[in-house]
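Chemist: have a look; sequence and predicted model below, questions after that.
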Amino acid sequence: MSLFDAFRFDGKRVLVVGGATGMGAAAAELAQSAGAEVIVADYAEVSLAGAKAIHVNLADAASIDAAVEQLGGPVHALLSAAGVADGTPGIERINFIGHRYLIDKLIAGGLLPRGSAIGFISSAAGLGWESDLPLLKEYLAVTDFDEATKWAVEHDKATYMWSKQAVCAYVATQAMPLLKQGIRINAICPGPTDTPLA
């Protein structure tokens, strides 16, 4: 038995949001190699053979609602990998608000059962988020999709750095509440040479 065999996903369903390209695509392929049933949700075309492809626009709550309807069952592991660079319209929704909305929908629908796990891809740009924690908490308290978007725009926070700091703060503040529901959450922070995912 190899070390890889100890971490197999046989009988598990893995949802990779942003799994058409970049690190998300690599993770989707790895999960499939480990025996998982893989669902890739992305705005871009999905090319991974054998994976269920769902089109989703994280900047649009209705599109996220439609994507959740297509899942067809529970998700045992969710990787929130989709992200865009500064200058992209809707960056605050694509990099954070849409992911949070999706997670809330999955939990409300009973689609993240006990024992499931959530992984975010953050960035070195999110480091130092603790120094902005009071303002981040104010932002995170705005849970409505449209109102959170409005807050980010009005506070000049519709940026790559802020969205990644929001990811870090969200994971830190939700770790215990989610753990009480039997769900683990963490964030992966690539090194300083990381490239925002498409």
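Modeler: Arrived safely. Numbering: from 1, shown residues only.

Chemist: what lines up beside whatever helix or strand Phe120 lives in in the sheet?
Modeler: Per DSSP states H and E, Phe120 falls inside strand 117-121. In the sheet, strand 117-121 lines up against strand 77-80 (parallel), strand 184-188 (parallel) (DSSP bridges).

Chemist: and the next helix or strand after that strand, how far out from the chain middle?
Modeler: Downstream of strand 117-121, the first helix or strand assigned by DSSP H and E is helix 133-140. The chain centroid and the centroid of helix 133-140 are separated by 19 Å under CA atoms, centre = their mean, to the nearest Å.

Chemist: quick one: buried residues of the next helix or strand after helix 133-140?
Modeler: Following helix 133-140 in sequence order, the next helix or strand is helix 145-154 (DSSP H and E). For helix 145-154, the neighbour count (16 or more other CB atoms under 10 Å) marks Phe145, Ala148, Thr149, Trp151, Ala152 as buried. Placement of C-beta: from N, CA and C, glycine included.

Chemist: then stretch 180-192?
Modeler: Neighbour counts over stretch 180-192 (16+ other CB under 10 Å) mark Ile183, Ile185, Ala187, Cys189 as buried.

Chemist: just the C-alphas of stretch 150-162, formatted as PDB.
Modeler: C-alpha atoms of stretch 150-162 as PDB (Å, rounded to 0.1, in the frame of the first residue of the first chain):
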ATOM      1  CA  LYS A 150     -22.300  47.000  -2.600                       C
ATOM      2  CA  TRP A 151     -20.200  47.200   0.600                       C
ATOM      3  CA  ALA A 152     -17.000  46.100  -1.300                       C
ATOM      4  CA  VAL A 153     -17.500  48.600  -4.000                       C
ATOM      5  CA  GLU A 154     -18.500  51.500  -1.700                       C
ATOM      6  CA  HIS A 155     -15.400  50.900   0.500                       C
ATOM      7  CA  ASP A 156     -13.100  50.600  -2.500                       C
ATOM      8  CA  LYS A 157     -12.400  47.000  -1.600                       C
ATOM      9  CA  ALA A 158     -13.400  45.300  -4.900                       C
ATOM     10  CA  THR A 159      -9.700  44.200  -5.300                       C
ATOM     11  CA  TYR A 160      -7.700  41.100  -5.500                       C
ATOM     12  CA  MET A 161      -5.900  41.700  -2.200                       C
ATOM     13  CA  TRP A 162      -9.000  42.400  -0.200                       C
END
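
Chemist: sounds good, over and out.
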